[in-house]
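>>> from the sequence below, what's the structure:
(2 chains)
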Amino acid sequence: MKRQKMLNPEKVKQEILEKLAILKRKYIKVPKEPLFKIRPWCVGGKGEIIKR
Amino acid sequence: MREILDQIPYRPYFCNLQITTACNLRCLHCGYSAGKRRLNELTLEEFFDIIEQLKELDCERIEITGGEPLLRKDWYKIAKHASSLGIEVNLLSNGYLIDNEVAQKIRESGITVVGISLDGLEETHNKIRQNPFVFQKAVRALNILAKNKIDTCVITTVTKLSINELPEMYKLLKYLGVKMWVLHLATPVGRMQENSQYIPHPSQIREIAEFIISTRSDRNLKVIAGDSIGYYAEFEKELRDFGQDDIPYFTGCYAGCLAIGIESNGNVKGCLALPDEFIEGNLRERSLKDIWFDKNAFSYNRKFSKDCLKGMCKKCPFGEICRAGCKALAYGATGNPFDNPYCIYRWEVLEKHVPR
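Predicted structure coming up:
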């Protein structure tokens, strides 16, 4: 695989914060929902299979 | 980047539930050094009670694990109790004991996905698991589960022996109809501490990550990088991206924030891969709610700040985001959960260009 330039940490942080704000707005109506789903710890679940 | 930790509601959405330490194999890489059953394992009634406590705390998914969980005679009753409460239940097994009768019980107990361990092609898998028949048994289990229309996921602990076998394994898993494949890096905990020669060198992590990315265009078999594989190479986003409802970067370990591990004797940890130093309490002595909401619990994640980072991770511009990656891997490698040498960015950039 051809190597590209490494990521810019500040841009990454900015992108994460923007995404977090979007997820927060989306899930604020369902307070019990996690802001984002946890990734498969070991065995992937049904959700990950359906999302393919 | 405390922002993420500060905004997520701490709940054990995911629980890794160890129902026994008994195991019919003695795998070289076993993080629990499993083999014999603990003498003080939880009773069926105690598991029922714990599952109900998990439900009260909004647990959405339980992964039943061991040892080999199928060695416990009442495994399906535990699974059925959880699924009857609306919790998704997955099972992690070495596949040795799975036949049509067991597959039928898996279906009846409401388990949705069965994870089967496969740590390489036949010779490698049998060597790691110290049993000449176990590869064929695992493949047989995958076939039986497929025939019974049970979704399967293969879990691979990548060692130096299996890195070069990943493309061949991919072909095999596709042929077997596996829908998901989760790769983890061999971690220097449990029995792997005595077999550390098999742990890949940090310079080999790129190869594993690039292999995962090379499979992305194929929608039939989804390959997933476990939390121990990374971090922050130029392809980080491609390695992690799960879709629009997810942050497309690795944002650290969520043990004790979104996940919990419960051992077969009732000990509670953020993640079962963590050693005993990380036990937060025991469910025979305290309720789950009491342990989970203890203001001092899971402090390695909940009270994280940039100042916690050690070694090269302290000098890393991504350190405050990834929080030193997999805590079990970092602790196993350096004795500190905030100093993780198993990292692509650290190996390729920091170790070469930043003075110690």
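
>>> if I read this right, B:Val134 contacts B:Ser93, doesn't it?
No. Using Cβ atoms under 8 Å as the test, B:Val134 is too far from B:Ser93 to be in contact (11.6 Å). Every residue, glycine included, has its C-beta placed from N, CA and C.

>>> so for residue 26, what's the pLDDT?
Unless you meant another one, I'm taking chain A. Listed pLDDT for A:Lys26 reads 73.

>>> chain B was what I was after
Looking at B:Arg26, its pLDDT reads 94.

>>> against chain A, how distant is it?
Applying Cβ to the nearest Cβ, to the nearest Å, the value for B:Arg26 to chain A is 20 Å.

>>> and the closest residue to that residue other than its chain neighbours, its phi and psi?
Spatially, and ignoring its direct neighbours in sequence, B:Arg26 is nearest to B:Gln130 (5.2 Å; Cβ to Cβ, 6 or more residues apart in numbering or on different chains). Dihedral angles of B:Gln130 (phi, psi; degrees, to the nearest 10) stand at phi 50, psi 40.

>>> B:Gln130 reaches B:Cys23, doesn't it?
No. Applying Cβ under 8 Å, one finds B:Gln130 not in contact with B:Cys23, separated by 11.1 Å.

>>> neighbour-wise, which of the two wins?
Between B:Gln130 and B:Cys23, counted using other Cβ atoms under 10 Å in any protein chain shown, the more crowded position is B:Cys23 (21 against 11).

>>> how about the contacts made by the more buried one?
Applying Cβ atoms under 8 Å, 6 or more residues apart in numbering or on different chains to B:Cys23 gives the contacts B:30, B:34-35, B:66-68, B:71, B:94.

>>> model confidence for the closest residue to chain A within the stretch 51-200 of chain B, exactly?
Here the stretch 51-200 of chain B gets closest to chain A at one residue, B:Gly115, 3.3 Å apart by Cβ to the nearest Cβ. pLDDT for B:Gly115: 95.

>>> can you confirm it is in a strand?
Yes. Looking at B:Gly115 with DSSP: H, G, I helix; E, B strand; the rest coil, it is inside a strand.

>>> who does B:Val89 form a beta bridge with?
On the basis of DSSP bridges, B:Val89 is bridged to B:Ile62, B:Ile111.

>>> residues touching it, list them.
B:61-64, B:79, B:82-83, B:109-112 are the contacts of B:Val89 under Cβ under 8 Å, 6+ apart.

>>> one more time with 10 Å
Applying Cβ atoms under 10 Å, 6 or more residues apart in numbering or on different chains to B:Val89 gives the contacts A:45-46, B:17, B:51, B:61-64, B:78-83, B:106, B:109-113.

>>> ok so, going back, wouldn't the residue of the stretch 51-200 of chain B closest to chain A be in contact with B:Ser93 here?
Yes. The criterion here is Cβ atoms under 10 Å, and B:Gly115 meets it with B:Ser93 at 7.2 Å.

>>> tell me where the model's unsure across chain A.
A:1-4, A:27-52 (pLDDT under 70).

>>> kindly list the longest helix within it.
Of all segments of type helix in chain A, defined using DSSP state H, the longest is helix A:9-27.

>>> where do the helices of the stretch 151-300 of chain B begin and end?
Taking DSSP state H, counting those that start in this stretch as the criterion, the stretch 151-300 of chain B contains helices spanning B:166-175, B:205-214, B:236-240, B:288-292, B:299-302.

>>> chain A: which of those helices is closest?
Taking Cβ to the nearest Cβ, helix B:205-214 is the member of the helices of the stretch 151-300 of chain B nearest to chain A, at 4.7 Å.

>>> quick check: closest non-adjacent residue to the closest residue to chain A within the stretch 201-350 of chain B.
Across the stretch 201-350 of chain B, the shortest distance to chain A (Cβ to the nearest Cβ) belongs to B:Pro317, at 3.7 Å. Residue nearest to B:Pro317 in three dimensions, not counting chain neighbours: A:Pro9, with 3.7 Å by Cβ to Cβ, 6+ apart.

>>> what's near enough to touch that neighbour?
B:232, B:316-321, B:345.

>>> can I get those in a markdown table including neighbour count and secondary structure?
Output for the contacts of A:Pro9, formatted as a markdown table (neighbours: other Cβ atoms under 10 Å in any protein chain shown; DSSP: H, G, I helix; E, B strand; the rest coil):
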| residue | neighbour count | secondary structure |
| --- | --- | --- |
| B:Tyr232 | 27 | coil |
| B:Cys316 | 23 | coil |
| B:Pro317 | 17 | coil |
| B:Phe318 | 26 | coil |
| B:Gly319 | 30 | helix |
| B:Glu320 | 20 | helix |
| B:Ile321 | 21 | helix |
| B:Tyr345 | 25 | helix |
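
>>> what's the local residue count around the closest residue to B:Ile279 other than its chain neighbours?
Nearest-residue entry for B:Ile279: B:Asn267, 4.8 Å, with adjacent residues in sequence omitted and distances by Cβ to Cβ, 6+ apart. Neighbourhood size, B:Asn267 [other Cβ under 10 Å]: 20.

>>> poorly predicted segments of chain B, please.
For chain B, the stretches with pLDDT under 70 are B:241-244.

>>> now the strands for it?
Assigned by DSSP state E, chain B shows strands spanning B:14-18, B:61-65, B:88-93, B:111-117, B:151-158, B:180-185, B:222-225, B:259-262, B:267-269, B:281-282.

>>> check whether the longest one contacts chain A.
Yes. Strand B:151-158 comes into contact with chain A when judged by Cβ under 10 Å from any Cβ of the partner chain, the residues involved being B:151-155.

>>> strand partners (parallel or antiparallel) of that strand?
strand B:111-117 (parallel), strand B:180-185 (parallel).

>>> return the set of buried residues in that strand.
Buried residues in strand B:151-158, counted by 16 or more other Cβ atoms under 10 Å in any protein chain shown: B:151-158.

>>> send the alpha carbons of that strand over as CSV?
Extracted C-alpha coordinates of strand B:151-158, given in CSV (Å, rounded to 0.1, in the frame of the first residue of the first chain):
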residue,chain,number,x,y,z
ASP,B,151,-24.7,-15.8,12.4
THR,B,152,-21.0,-16.3,13.1
CYS,B,153,-18.1,-14.1,13.8
VAL,B,154,-14.5,-15.3,13.8
ILE,B,155,-12.1,-13.9,16.4
THR,B,156,-8.4,-14.0,15.7
THR,B,157,-5.6,-13.2,18.0
VAL,B,158,-2.9,-12.2,15.6
